[in-house]
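Visitor: sequence isn't available, so here's the structure alone:
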């Protein structure tokens with residue numbers, strides 16, 4: 001795969017984020033592929049199609065980071081319902097109370113005004129999946 005094609009995968013993913021969608025790839029055997037790649041890491045096929053996540057996920061791992069002179073924030077690794085794992089930031093006033101197994105909802109939006117859109121997580125009501 002050429003550098004231009006690799007950049008094309010990233011460009012497609014980022015364009016879909018600007019459209020408000022968390023896009024990932026799926027191969028013909030049904031394996032979810034994320035982050036975007038030219039080949040399915042499970043079966044090796046190059047036949048991948050883009051699709052969108054519904055945004056439901058469960059916390060696999062979480063850590064709260066407390067930088068000096070800044071508000072703490074929580075970084076999570078998520079098991080996304082469609083079958084892939086990803087890293088995100090957990091937002092909301094209850095973010096620092098999150099535990100492994102809590103249900104979250106992903107929403108694509110900027111962290112700060114004018115920033116690039118990113119998939120950000122928030123705890124869902126009822127929390128544990």
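Guide: It's in. Keep in mind that what you see is a predicted model, and the values were worked out from it rather than measured. Residues are numbered from 1 along each chain as shown.
Visitor: all strands of the chain, in order?
Guide: Secondary structure of the chain (DSSP state E): strands at 23-27, 32-33, 48-52, 56-65, 73-80, 84-91, 102-110, 117-128.
Visitor: make TSV from these and add mean pLDDT and distance to residue 13 to it.
Guide: Yep, even glycine has a C-beta here, placed from its N, CA and C like the rest. Compiled in TSV, the strands of the chain are given as follows (pLDDT from 0 to 100; distance: least, CB to CB, whole Å):
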stretch	mean pLDDT	distance to residue 13
strand 23-27	98	6
strand 32-33	98	11
strand 48-52	97	9
strand 56-65	96	17
strand 73-80	96	14
strand 84-91	96	12
strand 102-110	96	11
strand 117-128	82	10
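Visitor: residue 8 is nearest to which of these?
Guide: Comparison of the strands of the chain against residue 8 by CB to CB identifies strand 48-52 as nearest, at 11.6 Å.
Visitor: tell me the strands beside that closest one, with direction?
Guide: If you go by DSSP bridges, strand 48-52 pairs up with strand 23-27 (antiparallel).
Visitor: let me have the strands of the chain in CSV, adding mean neighbour count as columns.
Guide: Shown next, in CSV, are the strands of the chain (neighbours: other CB atoms under 10 Å):
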stretch, mean neighbour count
strand 23-27, 20
strand 32-33, 20
strand 48-52, 14
strand 56-65, 17
strand 73-80, 19
strand 84-91, 18
strand 102-110, 18
strand 117-128, 16
